[in-house]
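K.L.:
Sharing a model that was predicted from the sequence below.
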2 protein chains.
Amino acid sequence: MAEVIDIHTHIVPEKFPPYRGKGKDVPWPSMTDAHACHKHVMISGKLYRTVSDGSWSVPRRIEQMSEMRVTRQVLSPMPELLSYWLPLADAKVMIRYLNEQLAEMCEAAPERFVGLGCVPLQDTDSTLRELEFLKKDLNFPGVEIASHVNGVSIGDPRFEPFFAAAEQLGAAIFVHALRPAGQERIVGAFPEQAVCFPGDVALACASMITGGIASRHPKLRIAFSHGGGTMSILMPRLVHAWNNFPKAKESLPESPATIARRFYYDELVFEPRAIRFLVDTFGETQIVVGTDYPFALGDWTPLKTLEKSGLAERVIAEITSTNARRFLGLPEGSR
Amino acid sequence: MAEVIDIHTHIVPEKFPPYRGKGKDVPWPSMTDAHACHKHVMISGKLYRTVSDGSWSVPRRIEQMSEMRVTRQVLSPMPELLSYWLPLADAKVMIRYLNEQLAEMCEAAPERFVGLGCVPLQDTDSTLRELEFLKKDLNFPGVEIASHVNGVSIGDPRFEPFFAAAEQLGAAIFVHALRPAGQERIVGAFPEQAVCFPGDVALACASMITGGIASRHPKLRIAFSHGGGTMSILMPRLVHAWNNFPKAKESLPESPATIARRFYYDELVFEPRAIRFLVDTFGETQIVVGTDYPFALGDWTPLKTLEKSGLAERVIAEITSTNARRFLGLPEGSR
């Protein structure tokens, strides 16, 4: 069976340790039973989301991967667990717990899983230590981060030491939407993940370009979720602004398009036409498979979606395997 | 010369009446001299933007239209003048002044200009009265509105009486970004118009769909600026959510794609590939020319951009003329 690497899948542990910190009203998650094969993620006494057993069960994941024709999943935490808003001491406990849970799942089926860990981005020193632990002790290919840290875009200069360290360590970075900008503008019954995640990812992606971090660290391997969100259609406007606003041009030594074409993007945009647009915009070497497994807004038939796109078999093979290996830093042909 | 209607151009009056209201620290605009052929728009004692004489001068506009190969401009106020945040009495004065300025410019060259007026959307009754005045007294084809009114998306139920009246009166509505969501997430020297306007327009467009107003008023003629912002790449995700979230599906009798394909979008996305993506996504009958004249981030060679897109001549003729006439409600062949 041809290799299909899905770089965008999430985990939620089956249970969380009880809160042992010193804070008051800290939004520490816990799990309670739901209907068969499901649990409720409770945060601050409220239901955050009901998740299925694929979130934590290795056999269940492998069963569903077969149905999805995915041979390897890249595991990352459900973004709401990233804990940037917790007191640092609490965040470090949660983040270490998540990273160990990820490591256990990967060890249970090392040919099927690799892990992207997490770091407490609200504190640089702790982040750098956790990143080293992930790369050197757990041998993870990299980390998942959110689009922003408590409202500050990841392209802000305060996060540059993290990106510099990731570049130097060869850590792959997967950027995912979280608590998105514009959610107060939603009207009606559609969820924020549907309406606002794509714009949120694009803001993060744009900030990495316009703030200069991506230019100063050209060897960073960074992938954006949800097809880069709305970045594909935003990019020509950034290029036009760069060409027409002297201040923008002076601030950036290369075109936003040149930079954007060094990033990776999953193909989670659901329509063949949209996938082709991503490939044409960012280049066939930069697109990877991402399904958002096991969540409801995911694409549970990624191969079918790709096959409908009319892309050449060679390009599909790049998207399903080669590009993901290059992004993750997995040697060709290795398991 | 073939007709080319540009539905996205702005005006700024050469001067504003002095503030005569009763408010304190009301952000009432005024104009001061800048370098040759330019003026500064001052708001609350600060420079908001420096604008060129094309903003108010009919001969200057006509001269530049020739250079741009545009035969007719649809004039609308610079969005920061829409005054939704002013005390109502002050907003009504400003809005009436803008509408009269628009009318004067149109009367000076009725074959070259049509006007989209403005309404004080912070108050429904005043809005309905101004809309009647625009349609019946000034004979305008419609209005320009912003993507949101003081942070509330235009798809919010409170604005439904306005849309119902516009549908009933046959008023065309042009939706433009303003004070965009996510602007606090910008890093570096790129302006908010570049980074955040597209997402802002998409939030407005999505709200008209997800809140149900567009479904309940299917005869509305509504156009979105900047190519609908990021709506083209967001739409498949809204469709996927509609198909997979029972609450979303129950809330909306038709697919978001069906609704989105009744809207109009200007082609202000700068790249041939992006224009083709708009045409493929929304349909060749729904795309119109928009340049953002006379502002710096505009497309001053709209025909060249369209010609590079590789679209058939027949489709280009629809985009440059037929579709805009249908959107505006101008009879075929009329001047």
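P.N.:
That came in fine, so what should we check first? The model shown is predicted, which means the values in this text are computed figures rather than measured ones.

K.L.:
looking at this, A:I259 is in a helix?
P.N.:
Yes. Counting by DSSP: H, G, I helix; E, B strand; the rest coil, one finds A:I259 located in a helix.

K.L.:
check contacts around it.
P.N.:
By CB atoms under 8 Å, 6 or more residues apart in numbering or on different chains, the contact set of A:I259 is A:M208, A:I209, A:A214, A:S215, A:L252. Placement of C-beta: from N, CA and C, glycine included.

K.L.:
and if we set it to 7 Å?
P.N.:
By CB atoms under 7 Å, 6 or more residues apart in numbering or on different chains, the contact list for A:I259 reads A:I209, A:A214, A:S215.

K.L.:
could you list every residue that touches the last one?
P.N.:
Contacts for A:S215 were tallied using CB under 7 Å, 6+ apart; they are A:L252, A:P253, A:E254, A:I259.

K.L.:
nearest to chain B, of these?
P.N.:
Closest approach to chain B among these (CB to the nearest CB): A:L252, at 7.5 Å.

K.L.:
Can you measure across stretch A:316-328, start residue to end residue?
P.N.:
18 Å (CA to CA, to the nearest Å).

K.L.:
just stretch A:115-127 next, same as before
P.N.:
So stretch A:115-127: terminal residues 17 Å apart, CA to CA.

K.L.:
So which residues make contact with that stretch?
P.N.:
Here stretch A:115-127 has contacts from A:74-77, A:82-84, A:88, A:91-92, A:95, A:98-99, A:102-103, A:106, A:130-131, A:134, A:138, A:140-145, A:149-150, A:159, A:161-162, A:174, using CB under 7 Å, 6+ apart.

K.L.:
Which of the residues you listed fall in strands?
P.N.:
A:V74, A:L75, A:S76, A:P77, A:G142, A:V143, A:E144, A:I145, A:V149, A:F174 (DSSP state E).

K.L.:
which of those are buried?
P.N.:
By neighbour count, with 16 or more other CB atoms under 10 Å in any protein chain shown, these hold A:V74, A:L75, A:S76, A:P77, A:G142, A:V143, A:E144, A:I145, A:V149, A:F174 as buried.

K.L.:
any idea which of those is closest to A:T50?
P.N.:
A:T50 lies nearest to A:P77 out of those, by CB to CB, at 17.0 Å.

K.L.:
got a list of what that closest one touches?
P.N.:
If a contact means CB under 7 Å, 6+ apart, then A:P77 has A:H10, A:I11, A:L98, A:C118, A:E144 as its contacts.

K.L.:
which one among the residues you listed gets closest to chain B?
P.N.:
Once CB to the nearest CB is applied, the member of the contacts of A:P77 that ends up nearest chain B is A:H10, at 16.4 Å.

K.L.:
Provide the secondary structure category for the closest one.
P.N.:
At A:H10 the chain is in strand, as set by three-state DSSP.

K.L.:
coming back round to it: in JSON lines, list the buried ones among the ones in strands among the contacts of stretch A:115-127 along with pLDDT.
P.N.:
What follows is those, written out as JSON lines (pLDDT from 0 to 100):
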{"residue": "A:V74", "pLDDT": "98"}
{"residue": "A:L75", "pLDDT": "98"}
{"residue": "A:S76", "pLDDT": "98"}
{"residue": "A:P77", "pLDDT": "98"}
{"residue": "A:G142", "pLDDT": "98"}
{"residue": "A:V143", "pLDDT": "98"}
{"residue": "A:E144", "pLDDT": "98"}
{"residue": "A:I145", "pLDDT": "98"}
{"residue": "A:V149", "pLDDT": "98"}
{"residue": "A:F174", "pLDDT": "98"}
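
K.L.:
How many residues are close by A:D200?
P.N.:
31 (other CB atoms under 10 Å in any protein chain shown).

K.L.:
neighbours around the nearest residue to it once chain neighbours are set aside, how many?
P.N.:
Spatially, and ignoring its direct neighbours in sequence, A:D200 is nearest to A:P180 (3.5 Å; CB to CB, 6 or more residues apart in numbering or on different chains). Look at A:P180: counted by other CB under 10 Å, it has 23 neighbours.

K.L.:
Run through the residues that contact A:P180.
P.N.:
By CB under 7 Å, 6+ apart, A:P180 lies in contact with A:E192, A:C196, A:F197, A:G199, A:D200.

K.L.:
The second one touches A:Q183, doesn't it?
P.N.:
Translated: A:C196. Yes. Applying CB atoms under 7 Å, one finds A:C196 in contact with A:Q183, separated by 5.0 Å.

K.L.:
More neighbours: which of these two?
P.N.:
Of the pair A:C196 and A:Q183, A:C196 is the one with more neighbours under other CB under 10 Å, namely 28 against 17.

K.L.:
what's the distance between that one and B:A202?
P.N.:
Distance of A:C196 to B:A202, computed by CB to CB, to the nearest Å: 10 Å.

K.L.:
where does chain A have low pLDDT?
P.N.:
A:333-335 (pLDDT under 70).

K.L.:
Strands of that one, start to end?
P.N.:
So, for chain A - with DSSP E - the strands run A:5-11, A:29-33, A:38-43, A:46-52, A:72-77, A:113-117, A:142-146, A:148-149, A:152-153, A:172-176, A:221-224, A:264-266, A:287-288.

K.L.:
Format those strands as CSV; extra columns: distance to A:P302.
P.N.:
Below are the strands of chain A laid out as CSV (distance: least, CB to CB, whole Å):
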stretch, distance to A:P302
strand A:5-11, 7
strand A:29-33, 28
strand A:38-43, 23
strand A:46-52, 18
strand A:72-77, 11
strand A:113-117, 17
strand A:142-146, 19
strand A:148-149, 27
strand A:152-153, 29
strand A:172-176, 16
strand A:221-224, 15
strand A:264-266, 9
strand A:287-288, 10
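
K.L.:
Adding distance to B:A241, write the contacts of A:S215 out as TSV.
P.N.:
Listed next are the contacts of A:S215 as TSV, based on distance: CB to CB, whole Å:
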residue	distance to B:A241
A:L252	35
A:P253	39
A:E254	36
A:I259	30
